[in-house]
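Q: Next input, structure requested:
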Amino acid sequence: MKKSGAVDYDSGNLSAADQGCGRLRHLPIIRRFFDNIYLVDTQFQLGRRQILFGTHDISIPEYISTIKTGKKRVTVMSNQEFALSRLHLDVIFNICVFDVNIPKTRKDLISAAHRNLKRNGVFILIIPRNDQSILVRCTAENKYSDGHVFRHHGIYTFYRNYRETAQLIRYLSEYGFTLFADLSVYRQICLIFIKK
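A: Alright, predicted model coming up:
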């Protein structure tokens, strides 16, 4: 799948990061294609006791230490560690993260992605949008910054609905990314960028 300088997935020994790895939902598919994997999230999320693939009351680092990785390497990193690293990754996935973070955090995510990708590395940004069950909670009373704040599962959460992709594409181009493909549909934004 090589096109205008994009990553060649047939070359082997590829590296990727799941930026905002959450509950490791994407780990099984990422492990199929990449040899060096970085799981990146906040210190709180990485240390939180949760259920991961049927294992109860376990943190992400603890869970990773229990799985057989073979020749593949899986590394857990905080957002802060990732922001200071230069890993020269082939691909960074940012899935269902952008919509729940305030502008400063989004800026930090983009900057860290750019810093950790190799030249011509791929940044995949997937953002859910237009979910009516969420949008009904977004009112003039709970507007905050460029989105809304409301209680969800007992905690306050931020949400930004991206109706259009043009602003995101311009924003990422300011950070040195070039749009490779826009695969967005009504309920989901999917933008694939190449690091210049």
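Q: I'd like the next helix or strand past the longest strand along the chain.
A: As assigned by DSSP state E, the longest strand anywhere in the chain is strand 117-128. Counting by DSSP states H and E, the next helix or strand C-terminal to strand 117-128 is helix 132-135.
Q: List the buried residues in that next one.
A: Buried positions in helix 132-135, judged by neighbour count with 16 or more other Cβ atoms under 10 Å: Ile134. Where you see a C-beta, it was placed from the backbone N, CA and C, and this is true even at glycine.
Q: got a list of contacts for it?
A: Helix 132-135 is touched from outside by 159, 161, with contacts defined as Cβ atoms under 8 Å, 6 or more residues apart in numbering.
Q: Export that helix to PDB, keeping only CA atoms.
A: Extracted C-alpha coordinates of helix 132-135, given in PDB (Å, rounded to 0.1, in the frame of the first residue of the first chain):
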ATOM      1  CA  GLN A 132     -27.500  12.400  18.500                       C
ATOM      2  CA  SER A 133     -27.400  10.700  22.000                       C
ATOM      3  CA  ILE A 134     -24.400  13.000  22.800                       C
ATOM      4  CA  LEU A 135     -25.600  16.100  20.900                       C
END
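Q: hmm, back to that, pLDDT on the longest strand of the chain, on average?
A: Across strand 117-128, pLDDT averages out at 98.
Q: Which parts of the protein are helices?
A: 27-33, 43-47, 60-66, 79-84, 103-116, 132-135, 166-174 (DSSP state H).
Q: Which stretch among the ones you listed approaches Lys143 most closely?
A: helix 132-135 (12.7 Å; Cβ to Cβ).
Q: Quick one: mean pLDDT over the closest one.
A: The average pLDDT within helix 132-135 is 94.
Q: any idea which of the helices of the chain is most buried?
A: helix 103-116 (a mean of 18; mean count of other Cβ atoms under 10 Å).
Q: who does it touch, helix- and strand-wise?
A: strand 15-19, helix 79-84, strand 89-95 (3 or more Cβ pairs under 8 Å, 6 or more residues apart in numbering; DSSP states H and E).
Q: Dump these into CSV; add mean pLDDT as well.
A: CSV is the format used below for the helices and strands packed on helix 103-116 (pLDDT from 0 to 100):
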stretch, mean pLDDT
strand 15-19, 98
helix 79-84, 98
strand 89-95, 98
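Q: Can I get the ones you listed in CSV including distance to Ile189?
A: Converted to CSV, the helices and strands packed on helix 103-116 look like this (distance: least, Cβ to Cβ, whole Å):
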stretch, distance to Ile189
strand 15-19, 16
helix 79-84, 21
strand 89-95, 11
